[in-house]
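> Below is the structure, and that's it, no one-letter string:
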């Protein structure tokens, strides 16, 4: 790649690019060797497919109360309703599919928000260092030392009491969880920026006369992306659990919209007579989170074997 | 300090403020509300209220809990014991089991035992706490376990089923909540202990000890194990905030009369002083344990010095 001798100076950016491309191949090769990570990716892909095509493959409408079974809710699995029905005679399998839709989209958008906030704060702290860094990190520490779940519960309880609408919106959950879980990302980005800012290519970019914003986003951030991707993957798993916990406690996604968490909340009171209603939503959460964790760890080992 | 300001601001922005429970009472007129507001100093600007509140907190007064009709500090003191029992037993269980698992799997890497424990810890990390609680209730409380011709069933709620203190009764109530709360930490700490132990075993001083001809048991316990424990202190401090979060869920599901449940009940009725007090205490607990971890770390490892 670097055969053209005299043009070397002009290719600082593409040099970095080349390093990255080469890296991508080795990463993929290392990743392929991890069977469990591949299995995790496949399970996750299946879950996403089910969530996306829930409309097409659903056996029933998730809110449809089967009149044939409304007199006998909490029916066990059978040919008609594969996994049985819940306490209102709704098809459990269909609700699980639509629950996947809610849980996965909430997790995805939350993590996007968390990464954006975390990356910006971490980048500013790491790039400018000094006083700005000190105060931004103290600010981050404050968020890290309040136990997350109680704070989330208080916030959602407040929003629920304020909002004129009967139910908490999907967006509120995303904003609240995303707005509180960025500190880990911020710390990560800051750490890699602190080393990256001393590297030659940063100096070169500055010498050419780039403005700070451009250096941060065009030159430094692409180089810090690997650990962010790993953290984001693992955080998706975390957010799925957090959201379902909130919904389970009654402060997350509100019924009748199905989410894996609030399906469990309804199931708790009927657990003695219909344990399957409680088992399946939890299994979905466990399976998805397990898949993401295996995938995330596989990615981490593939991207940087020394990271752990 | 900074934490308390943030929490105060958040809760102050809440609708109707601390008087929400009264607003819903039809017997209270608008004039009463105004009078109450004045008496409690709620008509003053937020920062005045904050310093007022802070001054009280310093003397151990967290205000009056509207939903429990008693001072916050009393409501909490009653439940502190239950929470400490639960958290303490979960902490000890996780520490013992987690460290044992970690060391065992590090001693024979790539063995069947190692794979089994790694898989177990992945499940532990991925398991939603509240679902684990429900499953344990189904398995041990609803159906029970039949073994050796006897049928065992564990209680699924509360702290005791009789008024007078009896060890067997108390312990049987403690089992399920403790397992629920511990699993995540067993998983996290055993994974960390494994990698920490693997790292230490490769160091020169452990190899020297083995080369000297010391028995393997002594090398592992005296040289490797002790050094592998040091970084675990940090991880424990980092994961402690989750213990507080986990306790809220566990106490709610198992009807455990502790502070987490007190907090959860206060949420529905929006008991301002109590929520504020709980969040502050929980945050202080976290900050304090982080500080403790730093100090412990310096004590355990003389190489670390503070400048």
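Good, I have the coordinates. Just so it is clear, the model here is predicted, and its values are computed rather than measured.

> how many neighbours does the residue lying closest to residue B:85 once chain neighbours are set aside have?
Spatial nearest neighbour of residue B:85, excluding adjacent residues (CB to CB, 6 or more residues apart in numbering or on different chains): residue B:174 at 7.0 Å. Where C-beta positions appear, they are placed from N, C-alpha and C, glycine not excepted. Using other CB atoms under 10 Å in any protein chain shown, residue B:174 is surrounded by 21 other residues.

> Tell me where the stretch 151-300 of chain A is predicted with low confidence.
Applying pLDDT under 70 to the stretch 151-300 of chain A flags the ranges A:161-168.

> for it, what spans make up the helices?
Along the stretch 151-300 of chain A, the segments classed as helices by DSSP state H, counting those that start in this stretch run A:170-180, A:183-196, A:200-208, A:212-214, A:225-249, A:260-268, A:275-303.

> same question, the stretch 201-307 of chain B
Using DSSP H, counting those that start in this stretch, helices in the stretch 201-307 of chain B cover B:204-211, B:216-218, B:226-253, B:259-269, B:272-300.

> Of those, which is nearest chain A?
Each of the helices of the stretch 201-307 of chain B has some distance to chain A by CB to the nearest CB; the shortest is helix B:226-253, at 3.4 Å.

> close to chain A, is the closest one?
Yes. Helix B:226-253 reaches chain A (CB under 8 Å from any CB of the partner chain) through B:241, B:242, B:244, B:245, B:246, B:248, B:249, B:252, B:253.

> now stretch B:120-132
Yes. Residues of stretch B:120-132 are located near chain A by CB under 8 Å from any CB, namely B:122, B:123, B:125, B:126, B:127, B:128, B:129, B:130, B:131.

> How is the third one assigned, secondary-structure-wise?
With DSSP: H, G, I helix; E, B strand; the rest coil as the basis, the three-state label of residue B:125 is helix.

> does it really touch residue B:186, like I thought?
No. Counting by CB atoms under 8 Å, residue B:125 stays clear of residue B:186, with 9.9 Å between them.

> So which of these two has more stuff around it?
residue B:186 (26 against 21).

> in which helix or strand would I find that one?
For residue B:186, the enclosing helix or strand under DSSP states H and E is helix B:167-201.

> give me the number of residues near the residue nearest to residue B:239 when sequence neighbours are not counted?
Of all residues not flanking residue B:239 in the chain, residue B:188 sits nearest, at 5.9 Å (CB to CB, 6+ apart). Using other CB under 10 Å, residue B:188 has 20 other residues around it.

> for residue A:175, same thing?
Neighbour count of residue A:175, defined by other CB under 10 Å: 16.

> Ok, the one 5 residues further on next?
Counted by other CB under 10 Å, the residues lying close to residue A:180 total 18.

> hang on, it packs against residue A:152?
Yes. Taking contacts as CB under 8 Å, residue A:180 lies within contact range of residue A:152: 6.6 Å.

> which parts of the lengthiest helix in chain A are buried?
Longest among the helix segments of chain A by residue count, using DSSP state H, is helix A:92-128. Residues A:92-104, A:106-111, A:113-115, A:117-127 are the ones in helix A:92-128 that count as buried (16 or more other CB atoms under 10 Å in any protein chain shown).

> Packing partners of that helix?
For helix A:92-128, the elements it packs on are helix A:35-52, helix A:54-57, helix A:130-145, helix A:170-180, helix A:183-196, helix A:225-249, helix A:260-268, helix A:275-303, judged by 3 or more CB pairs under 8 Å, 6 or more residues apart in numbering or on different chains; DSSP states H and E.

> All set, thanks.
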